[in-house]
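S.K.: structure of the sequence below:
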Amino acid sequence: MQDEVRTAAAFYTGSAGERTVHLLGPYLTQRWPDLKGQRLLGLGFAAPYLPLWDGQTALSVSARLDSATQCEAGRMQYCRECVVSGRQLPFDDLSFDRVLMIHALETSHAGHELLRAVWKVLRDDGRLLLVVPNRRGVWAFSDTTPFGQGTPFSQRQLRVRLEQSMFHVENSRTGLYPPPFPRLGGRRAGEAIEKAGRSVLPTFGGAVIVEAVKNIWGGLPLLTAKSCRPVGRRIFETG
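M.R.: Numbers count the residues shown, from 1 in each chain. Okay, here's the model as predicted:
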């Protein structure tokens with residue numbers, strides 16, 4: 001994953017990265033308009049997007065997935081940042097209200113374990129906002145951006161992956177319609193293309209943006225019809 005994060009660090013320090021945050025930001029804040037008093041975890045390379053909720057959250061943490069890239073990506077340090085393993089996150093269970101994942105799942109070699117680790121650190125009423133490259137979008141074919149790294153997903157593929165990891169998808173859409181070409185990357189031109197893309201080609205944006213909630217019942221034991229004894233809640237690892 002070292003090359004992917006190096007690409008993300010270089011990308012977001014440039015004008016193209018700033019425009020990308022400008023285009024994707026409204027989708028994220030539309031889903032989460034107010035995070036006052038919430039605990040937010042940004043997983044992958046989410047640091048450029050966490051300032052969208054500055055002054056709202058009680059705690060905001062950026063967690064990268066590969067320790068080998070810490071020095072390479074040092075220029076994009078967030079005020080609270082750490083490097084973590086994608087298989088087991090170093091946070092207590094039920095410790096975050098929201099998790100924003102971007103530039104994470106598509107480059108992970110243990111995607112199921114990563115989503116299960118997110119499931120554990122989310123509170124029972126917590127929400128996951130996941131951004132991945134869209135298999136149908138142009139950005140997935142541009143290896144000069146972080147959206148051209150790893151394995152892209154269709155909306156259906158991402159929904160299946162989340163359901164297998166005990167998440168329920170509540171909202172799914174695509175965004176980031178301007179192609180990743182400098183001449184078409186101006187702010188005004190990008191906003192116009194973004195607006196037109198949502199109306200004309202709603203499934204062909206460069207990124208899939210999905211909001212999901214925990215399926216807490218998927219880890220509960222079933223009661224037989226003959227059982228009358230109350231059973232306390234117990235969570236079991238599945239899959």
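S.K.: what sits against the residue most central in space within the chain?
M.R.: By Cα atoms, centre = their mean, the mean C-alpha position of the chain lies nearest to residue 101, the distance being 2.1 Å. Residues near residue 101 by Cβ atoms under 8 Å, 6 or more residues apart in numbering: 43, 44, 46, 118, 128, 129, 130, 131. Backbone N, C-alpha and C define where each C-beta goes, glycine included.
S.K.: now flag whichever of these is closest to residue 60.
M.R.: residue 46 (9.7 Å; Cβ to Cβ).
S.K.: isn't that closest one up against residue 81?
M.R.: No: using Cβ atoms under 8 Å, residue 46 is not in contact with residue 81; the gap is 10.0 Å.
S.K.: any residues in contact with both of those two?
M.R.: In contact with both residue 46 and residue 81: residue 62, using Cβ under 8 Å, 6+ apart.
S.K.: ok, those two, which is more surrounded?
M.R.: When neighbours are counted by other Cβ atoms under 10 Å, residue 46 comes out ahead of the other of residue 46 and residue 81, with 27 against 18.
S.K.: what about the residue nearest to the centre of the chain, which SS state?
M.R.: strand (DSSP: H, G, I helix; E, B strand; the rest coil).
S.K.: look up the pLDDT of it for me, please.
M.R.: Predicted confidence (pLDDT) for residue 101: 97.
S.K.: look up how far residue 180 lies from it.
M.R.: The gap separating residue 101 from residue 180 is 21 Å, by Cβ to Cβ, to the nearest Å.
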